[in-house]
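1. Provided below for reference: sequence and predicted model.
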Amino acid sequence: MLDDDKDATKSNDKKALRSARWFRKDDLPGFIHRSTLAAAGWSRQDLMERPVVGILNTWSDINPCNMNLRVLAEDVRTGIIEAGGIPFETPLMSLSENIIKPTSFPFRNLLAMEVEECVRAYPFDAVVLLGGCDKTQPALIMGAVSAGVPFIFLASGPATPRSATGGNLANATGVWRMVDKLRAGEFAEGEFADFERNVMGTVGHCAEMGTASSMAVISEALGISLPGSSLVPAVDRRRNHFAREVGRRSVILANAAEAGRTLLDGRAFDNAITLLCAVGGSTNAIIHLLALAGRAGVDLSLERFDEIGRRVPLIANVQPAGEHLTERLMAAGGVPALLKRLAPLLHLDARSVSGQTIGDVVSAAEILDEDVIRSLDKPVRIGETLAVVRGNLAPDGAVMKVCAAEARLLNHRGRAVVFQDVQTIADRIDDHALGIDENSILILRNAGPVGAAMPEWGMLPLPRHLLAQGVRDMLRISDARMSGTAYGAAILHVSPEAAVGGPLALVRDGDMIEFNLAERRLDLLVDSDELERRRAQWQAPQPRHNRGYRSLYSRHIEQAHRGCDFDFLRGAEKDSLPDGLFDGWVGGW
């Protein structure tokens, strides 16, 4: 197990269970590896007796979310050495949702593959995962789970936004709100430029409950991060202290020789979903948790998200569903305090890399601000935060961030206005000839995992003439995703998507659509015979990519209700270095 006293009694043959295969005393590969690593200053005895810990670092100076990871890696390195381990830092690709266009999403799977193969290739007894931006975090965890090595995750931490025009605005949520004001004519170009100069105050990921913060906090609920570590700001020295402790802890995990995926059972995922709902987290986290469960061999479906979502209220008063930024949530007690509030709804016997159970974490936690962390009977908002809906428009399901939508749109019937792609929206959303009114339902299709690699286009812009009238929300339906920092009545991840023949492909302008949240129903009100006629006329779009990774992506990506992982990456091998590897390799020499 992970208790320190038990770790201390582990035998030397357990101490380097994996790396012993690379550092055998008498074979040629062991000699080569020891000779090579000796260049880094480590002796033969060090490599034979001490655990080797990889620091997998996604630092990049084009990725503002991850810019502090180079410094944190040094603190991790110090902690590893202090605990008696040998650190080796390995750079990995860095995914910046802010910069990569149209989306970093397809490269989540590529980074996960890089992590898995990196761990397979190098003699690591454990790894520390360093990531910040929202696709980086799940990719690191997915890859480490598949590789079957002990691991611990540390996020880069939220940025600390400056005060800007409009008040206490988080990084990206503030951008969404200011863009609406700009398009409505309430904001001058110069004022927006001033806002741009001020909103990104420091390095670190978004300081509201966007996807990055959502994945960071639920990593604590999953048990793969140290309690209290996720919300410390990127520029706060306490994050460096956590990095050092993560390094120390990684050596304990290496000595325990217990694969990280053993923590990720059904209890851990239930706890993660519970916390996700309680903080009003990103719908993107649903996709990432589904993919991660597939890697860990846990049977998780959209139904489980809806079951848990029905009983978990929004108790974290944090943007975009609430008022405050994540730094205020940390000051209120952070994730441990949230878990304390949620204790009646959690599996308290689930375990953490800290060596504790979630129950232990809860018992030591203290709630310091009752406005920021509400009680279960006095939530920030009444009703569900996340919901899963089905119907003839989404047979395999679609998701909605209910707490981000106007209540009037949760039981709604309206006329469809259909956009084939995002460029059509850009060109025509303000066209009065479309006859869009506040009751219309905006449809975007061909933006799913196959159609467009599923960018964050689900928060479709509203027409200028409606914004000028004060309309700030409309029902929008798409097979795309939406930024966790965004808001509005958006039904997302419609599955199956339009590009593979899902019902969304059959919707036409003027069709009536009915959405009923209470009944979890999303229906296209068109006669079944008419739908069959339309289906007979539908033609699949031509593949957009015929070479390279994007071609592989479009051929092997699964639909949103299965987590958008590759079909050949579900599950994990029992051992990342199969028996017989060395015999074949030595023979080659």
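-> That came through fine. Numbers count the residues shown, from 1 in each chain.
2. switch to C-alpha atoms for all contacts and neighbour counts from now on
-> Will do.
3. residue contacts, Glu196?
-> Shown in contact with Glu196 (C-alpha atoms under 8 Å, 6 or more residues apart in numbering): no residues.
4. That one - that's part of a strand, no?
-> No. With DSSP: H, G, I helix; E, B strand; the rest coil as the criterion, Glu196 is helix rather than part of a strand.
5. would you list every one of the strands in the chain?
-> 52-57, 86-91, 126-131, 151-155, 386-391, 394-401, 411-419, 441-444, 475-478, 490-492, 512-516, 521-524 (DSSP state E).
6. mind listing what's buried in the longest one?
-> Applying a neighbour-count criterion of 16 or more other C-alpha atoms under 10 Å, the buried positions in strand 411-419 are His412, Arg413, Gly414, Arg415, Ala416, Val417, Val418, Phe419.
7. ok, back up a step: which one of the strands of the chain lies nearest to Gly355?
-> Smallest distance to Gly355 across the strands of the chain (C-alpha to C-alpha): 11.8 Å, for strand 151-155.
8. what's in contact with the closest one?
-> 126-132, 137, 141, 144, 216, 219, 224-226, 229-230, 243, 246, 250, 253, 259-260, 353.
9. Tell me how many other residues crowd Arg183.
-> 17 (other C-alpha atoms under 10 Å).
10. nearest spatial neighbour of it, skipping sequence neighbours?
-> Spatial nearest neighbour of Arg183, chain neighbours left out: Arg464 (6.0 Å); criterion: C-alpha to C-alpha, 6 or more residues apart in numbering.
11. Against Leu276, how distant is the one you found?
-> Distance, Arg464 to Leu276, using C-alpha to C-alpha, to the nearest Å: 33 Å.
12. Pick out whichever of those two has more residues nearby.
-> Legend: neighbour count by other C-alpha under 10 Å for Arg464 and Leu276, higher for Leu276 (27 against 20).
13. The nearest residue to Thr90 once chain neighbours are set aside: how many residues sit nearby?
-> Computed as C-alpha to C-alpha, 6+ apart, the closest residue to Thr90 that is not its neighbour in sequence is Leu56, at 5.1 Å. Using other C-alpha under 10 Å, Leu56 has 23 other residues around it.
14. quick one, what contacts Leu56?
-> Glu89, Thr90, Pro91, Leu92, Val115, Val127, Val128, Leu129, Leu130.
15. Filter these down to just the buried residues.
-> For the contacts of Leu56, buried by 16+ other C-alpha under 10 Å: Glu89, Leu92, Val115, Val127, Val128, Leu129, Leu130.
16. What about the closest residue to the first one other than its chain neighbours, how many residues nearby?
-> So the one you mean is Glu89. Among residues not flanking Glu89 along the chain, Ile55 sits closest, at 4.4 Å (C-alpha to C-alpha, 6+ apart). By other C-alpha under 10 Å, 25 other residues sit near Ile55.
17. per-residue confidence for Ile55?
-> Looking at Ile55, its pLDDT is 98.
18. cool, and Ala188?
-> For Ala188, the pLDDT comes out at 73.
19. follow-up on the earlier one: if I read this right, the residue nearest to Arg183 contacts Ala184, doesn't it?
-> Yes. Counting by C-alpha atoms under 8 Å, Arg464 touches Ala184, with 5.7 Å between them.
20. Can you list the residue ranges for helices in the stretch 201-350 of the chain?
-> 211-222, 237-256, 266-278, 284-296, 302-309, 326-331, 334-342 (DSSP state H, counting those that start in this stretch).
21. no no, the stretch 401-550 of the chain
-> Using DSSP H, counting those that start in this stretch, the helices assigned to the stretch 401-550 of the chain run over residues 422-428, 449-452, 464-468, 528-537, 548-556.
22. for the longest one, packing partners?
-> Applying 3 or more C-alpha pairs under 8 Å, 6 or more residues apart in numbering; DSSP states H and E, one finds that helix 528-537 makes contact with no other helix or strand.
23. Buried ones in it, by neighbour count?
-> Applying 16+ other C-alpha under 10 Å to helix 528-537 flags Leu531 as buried.
24. so how far is that helix off the chain centroid?
-> 37 Å (C-alpha atoms, centre = their mean, to the nearest Å).
25. For that helix, which outside residues touch it?
-> So helix 528-537 is contacted by Leu506 (C-alpha under 8 Å, 6+ apart).
26. repeat for the third one
-> Outside of helix 464-468, the residues within contact range by C-alpha under 8 Å, 6+ apart are Asp180, Arg183, Ala184, Gly185, Asp430, Asp437, Glu438, Arg472.
27. redo that, cut-off 7 Å
-> Contact with helix 464-468 is made by Arg183, Ala184, Asp430, Glu438, as judged by C-alpha atoms under 7 Å, 6 or more residues apart in numbering.
28. For those, pick the one with the most neighbours.
-> Ala184 leads the contacts of helix 464-468 on contacts (other C-alpha under 10 Å) with 20 neighbours.
29. if we can go back for a sec, want to throw the buried residues of strand 411-419 into CSV with pLDDT?
-> What follows is those, written out as CSV (pLDDT from 0 to 100):
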residue, pLDDT
His412, 98
Arg413, 98
Gly414, 98
Arg415, 98
Ala416, 98
Val417, 98
Val418, 98
Phe419, 97
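30. from memory Gly391 sits against Leu525, does it?
-> No. Between Gly391 and Leu525 there is no contact under C-alpha atoms under 7 Å: 10.5 Å.
31. Enumerate every residue touching the nearest residue to Leu140 once chain neighbours are set aside.
-> Distances taken as C-alpha to C-alpha, 6+ apart put Ala112 closest to Leu140, at 5.7 Å, once the chain neighbours are dropped. Ala112 makes contact with Ala139, Leu140, Met142, Gly143, according to C-alpha under 7 Å, 6+ apart.
32. Which members of those occur in helices, if any?
-> Judged by DSSP state H, helices contain the following of the contacts of Ala112: Ala139, Leu140, Met142, Gly143.
33. Relative to Glu258, how far out is the last one?
-> Shown here: Gly143 relative to Glu258, a distance of 16 Å by C-alpha to C-alpha.
34. Looking at these two, which is more packed in?
-> Taking other C-alpha under 10 Å, Gly143 and Glu258 do not tie; Gly143 has more neighbours (27 against 20).
35. so that one touches Val115, yeah?
-> Yes. Counting by C-alpha under 7 Å, Gly143 touches Val115, with 4.9 Å between them.
36. Cheers, nothing more for now.
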